[in-house]
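A.B. asks: sharing a model prediction with you, sequence too.
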Amino acid sequence: MKTIIFTGGGSAGHVTPNLALMSKLKMKGWEISYIGSATGIEKDIIAREQVPFYPISSGKLRRYFDLKNLKDPFRVLKGVYESYRLLKRLKPAVVFSKGGFVSVPVVLGARMNNIPVIIHESDMTPGLANKISIPFATKVCVTFPESMAHIGKEKALLTGLPIREGILQGKASKGVQLCDFHTQKPVILVMGGSLGSQVLNGA
């Protein structure tokens, strides 16, 4: 049985696309484990999936002044050591990283163990964690064609965003009832993440 390690966290956007892939890989007989932070949102989400979860130390890489910046580099280094030890023991065929700061130590630990790394970048341009990790990756999957210019043609693969089956099984009538909408006009859903949501909320 082949083993794959997933990583990614800090926000649900770094975790839920992993769930879509995990369900498909389970059906194909893969053994799945997850490495994340002990206090991140990923721990609770993965617990519901009955997938082995391994917490590691992690720190945020901030581009602004904060006293935590003095401690977090040491947390990241500890996370790299913990990831290296874990991956050496688990011996996965591949590591799949969805990004977020907890993924950086895992990617580095995989590189130290000569384990192939596949990264997925959801946004148009890579976030800081993925920018750090991309040089150590074998391939980088992207959601948008425009993202390929930021990765490099030799590594980038246009795959789109993994979507959970449950999202495609929703019923419009239940949504209309839940939101107390009428059906005389169409419903438009507008979404945005991070700073994009502030612009949409303002509009």
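C.D. replies: Thanks, I have the structure now.
A.B. asks: can you list contacts of the longest helix along the chain?
C.D. replies: As assigned by DSSP state H, the longest helix anywhere in the chain is helix 72-90. With contact meaning Cβ atoms under 8 Å, 6 or more residues apart in numbering, helix 72-90 is reached by 3, 5, 33, 35, 54, 56-62, 95, 101-102, 104-106, 108-110, 112-113, 115. Any C-beta I mention is one placed from the backbone N, CA and C, and that applies to glycine too.
A.B. asks: now the longest strand along the chain against helix 72-90, angle please.
C.D. replies: For the chain, the longest strand by residue count, based on DSSP state E, is strand 31-37. Orientation check (axes from the mean of the first three to the mean of the last three Cα atoms, to 10 degrees): strand 31-37 against helix 72-90 gives 170 degrees.
A.B. asks: how far is the helix or strand just after the longest helix of the chain from where the chain is centred?
C.D. replies: Downstream of helix 72-90, the first helix or strand assigned by DSSP states H and E is strand 94-97. Remark: strand 94-97 is offset 10 Å from the chain centroid, using Cα atoms, centre = their mean, to the nearest Å.
A.B. asks: again with stretch 87-104
C.D. replies: For stretch 87-104, the distance to the chain centre is 11 Å (Cα atoms, centre = their mean).
A.B. asks: give the buried residues for it.
C.D. replies: The neighbour-count check on stretch 87-104 (16 or more other Cβ atoms under 10 Å) flags 87, 90, 92, 94-104 as buried.
A.B. asks: now, which of the contacts of helix 72-90 lie within strands?
C.D. replies: Of the contacts of helix 72-90, the ones assigned to strands by DSSP E are 3, 5, 33, 35, 54, 56, 95.
A.B. asks: spatially, which two of the residues you listed are the most separated?
C.D. replies: Distance extremes for the ones in strands among the contacts of helix 72-90: the farthest pair is T3 and I56 at 17.4 Å, using Cβ to Cβ.
A.B. asks: coming back round to it: taking the mean pLDDT, what do you get for the longest strand of the chain?
C.D. replies: Strand 31-37 carries an average pLDDT of 96.
A.B. asks: just stretch 147-155 next, same as before
C.D. replies: Stretch 147-155 shows a mean pLDDT of 89.
A.B. asks: so what touches it?
C.D. replies: With contacts defined as Cβ under 8 Å, 6+ apart, stretch 147-155 is touched by 121, 123-126, 134, 137-140, 142, 156, 158.
A.B. asks: 10 Å instead?
C.D. replies: 119, 121-126, 130-131, 134-135, 137-142, 144, 156-158 (Cβ atoms under 10 Å, 6 or more residues apart in numbering).
A.B. asks: so where's this protein uncertain?
C.D. replies: 61-69, 193-196 (pLDDT under 70).
A.B. asks: coming back round to it: now the longest helix of the chain: how far from the chain's centre is it?
C.D. replies: Computed by Cα atoms, centre = their mean, the separation of helix 72-90 from the middle of its chain amounts to 18 Å.
A.B. asks: do I have it right that S97 meets V107?
C.D. replies: Yes. Using Cβ atoms under 10 Å, S97 is in contact with V107, at 5.5 Å.
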